[in-house]
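Novice: sharing a sequence plus its predicted fold:
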Amino acid sequence: MKKILFPTDLSEAAHQAFIYALHLADKLKAELVTLHVYQKPEVRAGGLPHTLSEFYEQYDLDEFENFKDKIPQLRKVQEEAGFAHLNVQHRLEPGRTVETVLKIAKTEQADLIVMGTTGARGLKEIFMGSVAGEILENADCPVLAVPEKAVFDGEIDDIAFAVSFEEEEVKAFEQLVEIARPFNAKMHCVNVDLAHTASYTQRMHAFREKLPTYDNLAFEVVDGTDLKDVLIGYMQGHGVDILAMVTHKRSFFQELFRYSHAKEMSYHCNMPILSIPAHTL
């Protein structure tokens, strides 16, 4: 892993996610790039083109000055966390947030996106979504969504990987090991048995045989009726620091009737969710 992208709105709420990004960049020996996206106001006027051009030039200059003033705050967080030695680059880009983050992730060839999420509730989260949720769903690299209330002790000791025994999850496991190994983290492969059948335990054994060697591994099939509640309970009971899931893009009808588990978890859980896009595996 060579590069981590950290999109930020430069708010206090994003600082916790920045701490995660710094720790990961340090352990993974990766370059860290922060990204602040701003959207130019839409001006509908019949004025002269050069007048609008001057307006946008001034707007860009104001945004740049504001961004420049915020960089020392990011550097202060970086130094206070003990990462003054890290190579951190800062980018300011105009555009719509989701589209611009995804575009910059490609141009920077980011291996991982780390970003904060404040969450949402009710119909708003289903029909409007959030920036973090949309990026988590559409990125071409893994995305770590860090809730505002997540508490990081400086170590990643336990990573839970929610599995359904798909072949793509074997490749995803290899990516997770790359993150887990520098922290010597324990990997928990967890399946939630909603069907209440013993065959899921047999399938877990078969899945285990396909995985590459990793010294610190645990496998568990957990019986339950609600995926979200069971996973949150497992994470709390085992001191899990990150929950990883393979995510799929939704079709139009899935968009209407079936909500993405990983996206939902990123709203309702105070632990970071690592999304690994299925189309990249």
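Specialist: Right, received. Where do you want to start? Residues are numbered from 1 along each chain as shown.
Novice: where along the stretch 1-150 of the chain do the helices fall?
Specialist: 15-28, 49-80, 97-107, 122-127, 131-138 (DSSP state H, counting those that start in this stretch).
Novice: pLDDT averaged over the longest one - what is it?
Specialist: Read it as helix 49-80. The pLDDT scores in helix 49-80 average 74.
Novice: next one: the third one
Specialist: Confidence over helix 97-107, taken as the mean pLDDT, stands at 95.
Novice: got the CA coordinates for it in PDB?
Specialist: What follows is helix 97-107, C-alpha atoms only, in PDB (Å, rounded to 0.1, in the frame of the first residue of the first chain):
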ATOM      1  CA  THR A  97     -17.800  16.300  -3.300                       C
ATOM      2  CA  VAL A  98     -18.500  12.700  -4.200                       C
ATOM      3  CA  GLU A  99     -17.500  12.900  -7.800                       C
ATOM      4  CA  THR A 100     -14.300  14.900  -7.100                       C
ATOM      5  CA  VAL A 101     -13.200  12.600  -4.300                       C
ATOM      6  CA  LEU A 102     -13.600   9.500  -6.600                       C
ATOM      7  CA  LYS A 103     -11.800  11.300  -9.400                       C
ATOM      8  CA  ILE A 104      -8.800  12.400  -7.200                       C
ATOM      9  CA  ALA A 105      -8.600   8.900  -5.700                       C
ATOM     10  CA  LYS A 106      -8.100   7.600  -9.300                       C
ATOM     11  CA  THR A 107      -5.600  10.300 -10.400                       C
END
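Novice: and that helix, what's buried?
Specialist: 97-98, 100-102, 104-105 (16 or more other C-beta atoms under 10 Å). The C-beta positions use only the backbone N, C-alpha and C, and glycine is treated the same way.
Novice: equivalent analysis for the first one, please.
Specialist: Judged by neighbour count using 16+ other C-beta under 10 Å, the buried positions of helix 15-28 are 15-26, 28.
Novice: any stretches of this structure with poor pLDDT?
Specialist: 13, 41-62, 64, 118-129, 196, 249-269 (pLDDT under 70).
Novice: quick one: Glu178 and Leu24 touch, right?
Specialist: No. Using C-beta atoms under 8 Å, Glu178 is not in contact with Leu24, being 10.9 Å away.
Novice: now do stretch 218-233: distance from first to last residue.
Specialist: End-to-end distance for stretch 218-233: 16 Å, by C-alpha to C-alpha, to the nearest Å.
Novice: ok, now stretch 137-144?
Specialist: With C-alpha to C-alpha applied, stretch 137-144 spans 11 Å between its terminal residues.
Novice: now do stretch 91-102
Specialist: Across stretch 91-102, first to last residue, C-alpha to C-alpha, it's 14 Å.
Novice: so what's the gap between it and the chain middle?
Specialist: From the chain centre to the centre of stretch 91-102 is a distance of 16 Å (C-alpha atoms, centre = their mean, to the nearest Å).
Novice: likewise for stretch 134-148?
Specialist: 3 Å.
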